[in-house]
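Novice: what would the 3D arrangement of this be:
(2 chains)
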Amino acid sequence: MTENSAIPSFPPSQVTRLSWNEALCVHCGACVGQCLSRAFIVDEATRRVVHDGDRCIACELCIPACSYGAVESIGEHPGKPGEPL
Amino acid sequence: MKTYEEINDRIRARQAVVVTAEEMIDIVEEKGAAGAAREVDVVTTGTFGPMCSSGALLNTGHTTPRMKIARAWLNGVPAYAGIAAVDMYIGAAEVREGDPLNSVFPGEFAYGGGHVIEDLVRGKEVLLRAEAYGTDCYPRKEIETLIDLGSLNNAVLLDPRNCYQNYNVAVNASRRRPIYTYLGVLRPRMANANYCSAGQLSPLMNDPHYRTIGIGTRIFLGGGVGYVIFPGTQHDPSGPRTEGGVPRGGAGTIAVAGDLKGMRAEYLRGVSITGYGVSLSVGIGIPIPILDEDMAAFTAVRDRDIVAPVVDYGECYPTNTGRPLGYVSYADLRSGTIEVGGRRIRTASLSSYAAARAIAEELRSWIGEGRFLLGRPVELLPGAGSGAGFRLLEERPPRARGKRKGKR
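Specialist: Residues are numbered from 1 along each chain as shown, chains lettered A, B, ... in the order given. Take a look at the predicted model:
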C-alpha cells in the first residue's frame, strides 16, 4: 500500500494483468456488467465489445463472467483469483 | 397480400426486397405498415446465445466386426447410446466425465458436449470410446478410435428447445454472496442484472403470434441451413402479452434440426458457464415473409416496445416462488442500466447482439442472392388459445405395491 492511499499498489512484477482475446470473444457483453473500471464497454454503434487496457484494474471479475475463455489473467497474482485487488 | 410462391419466385429472380429486422423499423416508420408491406418481401432476424437444449445426433458408421454400442464417450463426454447400433446423441449440457463440477465452487466446467460439437464443426479429431455387451449379430464389445465430422455418416444438429421468444432478466436480491447461474454471475444486493435476448432482432419477437413460423420453416442454423421441426419443449404461447402482441415473458420456443456438416464453428460455440455447467451457443436466423400489412407491423417491433420480467435468482427462481420484481424494456436493458424498485442496476447481455446482427445480414445476403428460398410451414406453431402451455411437475409419491387398488 502506498502511504495515505486507499488504493493498494503492488510492485510491477506482482501485478496481474488481463489478456482479452478478441478472436474468442462473441461480443455478448457479459463481461461489461462485471467490470468495475468500465474497461469493458459495448460500442453503441457496432454493439461489439471494446476493452481499454489502460482503464483495466485487473480485478478479474470478468473472467468467470466470460463463457468463451476470451479473458485470462497473465502475470503473477498477488491474491486469490477473482478477488478485487 | 403476398403468397410464399410469389415471394419465392421473386427470390429466384433475385428481385426480392430483403431487409433486416433493424432496417424494417425505419422503413415502417417512414412508409407505414401498408407501404412497407408493398415494398418489402422478407425480413431477416437473428439471435446468438447459449441454448442448453441443443445437441447432435451422430452415426459413426458400422465397425468391423459389428457393434451395438451401449455406452459411448466423445472426448470423455458421455453420449446417449440407447438408440440403434452406432447412433448416438451428444447433448450440449453434458459435462466431461470426471469433471470436479461444483465440488470446488464455483466450478469451471471447462469442457462438455457443446465443446465436442464445436470441435467436430472445426474439423478437429474427436476420441470416441464405446462399450457394448455383445450379441450374436453385434459381437464387438469395445472400441477406441478417432473420428471427425467428415468421417461420420450423419451428423445432425438436433435441438429440442432453442430461440426462446423472450426471457427473464436475472438479479440476485439476496444479501449474502454472489450466485452463479445459467444467466451468469449475479452479485448480491442486485448489484448487476443479466439478460439474454436479441430483442428487436430476435426471430420470435418479429412473428409474435407465429403466423409464419412452423414445422418446415427453413432457417439459418449454426452458419448453415436448418429447419424448424416442431414446437420447442416448454413452448408456452398462453402467457400475458403487450398491446403489440409480444409476450411479457418466456413464451414460444422452437425445435430445430440441420446438417452439422454444413455449419460453422463461428455460430456453434461451446460455452463454460462458471458455477453452472456447459452449453452451446447457437446462431439462428429466421426469415419472416411479409405476407401482409400485419406482418410488416410485427417486424417493426422495437426494443422499447418489448419488456422482460426482472426475476430474483437468489430466492424466487430456484424455489419457484414469488413474482417478478418488475418489468423493463429492452431499450433500457441495452442502455446499460435499468431501474428496479427505485434502484439503478447495471445490465449485461449473455446474447450477442453483434452476432445476431451479423446473422440477420448474412441471411439477407443468402436470400438476396437467390440461394435461400422460404419454406412454407406445413403446420404453424401453436398459438395463444391452442391449449399448449407450460406447467410445473406435480409430484406424486409412489405408493407401496401391495396397497394399490384398482387396475394393475
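Novice: low-confidence stretches in the chain?
Specialist: Defaulting to chain A. The model of chain A has pLDDT under 70 over residues A:1-16, A:76-85.
Novice: could you do chain B instead?
Specialist: Looking at chain B by pLDDT under 70, you get B:401-408.
Novice: around chain A, pick out the residues from it.
Specialist: Residues of chain B lying close to chain A by CB under 8 Å from any CB of the partner chain are B:48-50, B:106, B:180, B:184-185, B:187, B:192-194, B:269, B:271-275, B:279, B:281, B:336, B:346-355, B:357. From N, CA and C alone the C-beta is placed, and that goes for glycine too.
Novice: sitting in strands, which of those residues do you find?
Specialist: Secondary structure from DSSP state E places B:48-50, B:180, B:184-185, B:192-194, B:269, B:271-273, B:279, B:281, B:346-349 of the residues of chain B next to chain A in strands.
Novice: OK, now which residue of chain A is nearest to chain B?
Specialist: Closest approach between chain A and chain B, counting by CB to the nearest CB: residue A:33, at 2.6 Å.
Novice: who are the contact partners of that residue?
Specialist: Residue A:33 makes contact with A:65, B:184, B:192-194, B:346-348, according to CB atoms under 8 Å, 6 or more residues apart in numbering or on different chains.
Novice: just the strands in chain A please.
Specialist: For chain A, strands defined by DSSP E occupy the ranges A:17-20, A:40-42, A:49-51, A:71-74.
Novice: what residue lies at the spatial centre of chain B?
Specialist: Per CA atoms, centre = their mean, the C-alpha nearest to the average position across chain B is that of residue B:162, at 2.2 Å.
Novice: what sits against the closest residue to that one other than its chain neighbours?
Specialist: Counting by CB to CB, 6 or more residues apart in numbering or on different chains, residue B:162 lies nearest to residue B:51, which is 4.6 Å off, once chain neighbours are set aside. Taking CB under 8 Å, 6+ apart, we find residue B:51 in contact with B:92, B:159, B:161-163, B:279-282.
Novice: pretty sure residue B:9 sits in a strand.
Specialist: No - looking at residue B:9 with DSSP: H, G, I helix; E, B strand; the rest coil, it is helix, so not inside a strand.
Novice: ok, now how distant is it from chain A?
Specialist: 35 Å (CB to the nearest CB, to the nearest Å).
Novice: interface residues of chain A facing chain B?
Specialist: Residues of chain A lying near chain B (CB under 8 Å from any CB): A:26-34, A:42, A:46-49, A:61, A:64-65, A:67-69.
Novice: please repeat the previous calculation with a cut-off of 7 Å.
Specialist: Within reach of chain B by CB under 7 Å from any CB of the partner chain, chain A has these residues: A:26-30, A:32-34, A:46-48, A:64-65, A:67-69.
Novice: by neighbour count, which of those wins?
Specialist: residue A:28 (32 neighbours; other CB atoms under 10 Å in any protein chain shown).
Novice: isn't it up against residue B:356?
Specialist: No - judged on CB atoms under 7 Å, residue A:28 makes no contact with residue B:356 at a distance of 10.0 Å.
Novice: how close does the closest residue in space to residue B:203 that isn't next to it in sequence get to residue B:68?
Specialist: Distances taken as CB to CB, 6+ apart place residue B:286 nearest to residue B:203, at 3.8 Å, with adjacent residues excluded. When CB to CB, to the nearest Å is applied, the distance between residue B:286 and residue B:68 equals 39 Å.
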